[in-house]
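In: model the structure of this input:
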Amino acid sequence: MIRTGLPAKRVTRWAATAAALATTVGAGAAFATPALAAPVVPIPVPCSVTALAAAIVLAPSDAILSLKTGCTYRLPLALPPINKNVTIQGNRDTITRSNNLQFTAITVNNAQLTINQLRITDFNGNGNAPGALRNNGGTVIVTSTTFADNEGGNGGAVRNDQNGSFTATSSTFSGNEADTSGGAFYNRGGAEATFNTTTFFNNEAPTGGAIYIDSGHVTTGGTSSATSASTNFSSNEAFGSSGFGGAINNAGGVITTNWTNFTNNEASGTGGDAGALNNDGGTSSVTNTGFSGNFAADDGGAIYTAKSLNLFSVNIAGNRAGDDGGGIFVDNGNTSLSKTIVSGNFAGGLGGGIRRAGGSVSLTNFSLVKANFPSNCSGTPAC
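Out: Next comes the predicted model:
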């Protein structure tokens, strides 16, 4: 069982430090009674795990907990669950483990947690749990925050669940690994997630190398195709046998991308499909997005879709499939290409550009499929 709470003895001991912490705060009355209004100024939290845990338990709702600049908080067990609105203001701080125990660092229960300028690293969730953060129906907002080298069952770093909301801006997910699905992020239970100008690099799982969508809606985006102004998926891997989605596996939800780049992602396992993006969920859309250098051991070097997918202003170039559909493999649904270029892709079997095994494919608004090997299209008269 995941240890998301605190043993009674530890709660008592941490609560006993509240008086000392209040002295450090200065305006220590913020801890005196829940009846007081949230403090106008942030509450300083010393470089101490005990102080951080006590602040989470005792601070009033909507408090801002300001961590000591450059501190590393080494957790021996999970922080107290977040049951009220709180902001953890990092100042280039790190939260990591102090041992090899398996637990999820932070759990949010129907509350709002805001995290700024923090690095959360080296946690390992027990069983199917994520390593770094689990959102149970709350609202989580992270900015300029890094989730690195965490491991879990479903969601190496984060699991977003129970109609929760998760938003990441100018943040990074790197080196995270899931034992089952979603190397960095796992979305389920009708939850919604939005990633703005965020980087996913070198995450891995048997399926959904960076993100796995069981249900709900995931949106990725930015303001332009420039690396610094877009969301980027690079060198993520789905390594399982018949694993789908080197970067994203949309198994049962909806994916919306805008100003997103997919580069050098892989579905590398035997029978692996969709080097970058797999769409088996609801009707999804890809806009102002680039796919390059992605690889699928089986079908769909860049994209594999079995449900309706709309592509607008998309560039799919230089991707490879071991079998069919070097650029796109269409298994079912209606796939539409508008202002979209599919070029320079390679397939070991059929359809260097597009392979249609089922469903329909349409090209409009000067879309082109050209210079692919061994052919531009297979199974479709659209190109």
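In: quick check: bridge partners of residue 73?
Out: For residue 73, the beta-bridge partners are residue 95 (DSSP bridges).
In: that one contacts residue 46, doesn't it?
Out: No: using Cβ atoms under 8 Å, residue 73 is not in contact with residue 46; the gap is 10.1 Å. Yep, even glycine has a C-beta here, placed from its N, CA and C like the rest.
In: the two: who's more crowded?
Out: Neighbours were counted for residue 73 and for residue 46 using other Cβ atoms under 10 Å; residue 73 has more, 24 against 16.
In: mind checking what secondary structure residue 228 has?
Out: helix (DSSP: H, G, I helix; E, B strand; the rest coil).
In: which residues touch it?
Out: Applying Cβ atoms under 8 Å, 6 or more residues apart in numbering, we find residue 228 in contact with residue 197.
In: show the contacting residues for the closest residue to residue 256 other than its chain neighbours.
Out: Nearest residue to residue 256, sequence neighbours excluded (Cβ to Cβ, 6 or more residues apart in numbering): residue 219, at 4.6 Å. Residue 219 makes contact with 192-195, 255-258, according to Cβ under 8 Å, 6+ apart.
In: can you pull up the most central residue in this structure?
Out: Centroid check for the chain by Cα atoms, centre = their mean gives residue 185 as the closest residue, at 3.7 Å.
In: I'd say that residue and residue 216 touch.
Out: No: the criterion here is Cβ under 8 Å, and residue 185 misses it with residue 216 at 11.3 Å.
In: secondary structure class of residue 51, three-state.
Out: Look at residue 51: counting by three-state DSSP, its state is helix.
In: these two touch, right, it and residue 57?
Out: No: counting by Cβ under 8 Å, residue 51 does not reach residue 57; the two are 11.0 Å apart.
In: the two - which one has more neighbours?
Out: Counted by other Cβ under 10 Å, residue 51 and residue 57 do not tie: residue 51 has more neighbours, with 23 against 18.
In: flag the helix or strand of this protein with the lowest per-element mean pLDDT.
Out: The weakest-scoring helix or strand in the chain, judged by mean pLDDT, DSSP states H and E, is helix 8-16 (a mean of 40).
In: please report phi then psi for residue 150.
Out: Torsion angles at residue 150 (phi, psi; degrees, to the nearest 10) stand at phi -100, psi 160.
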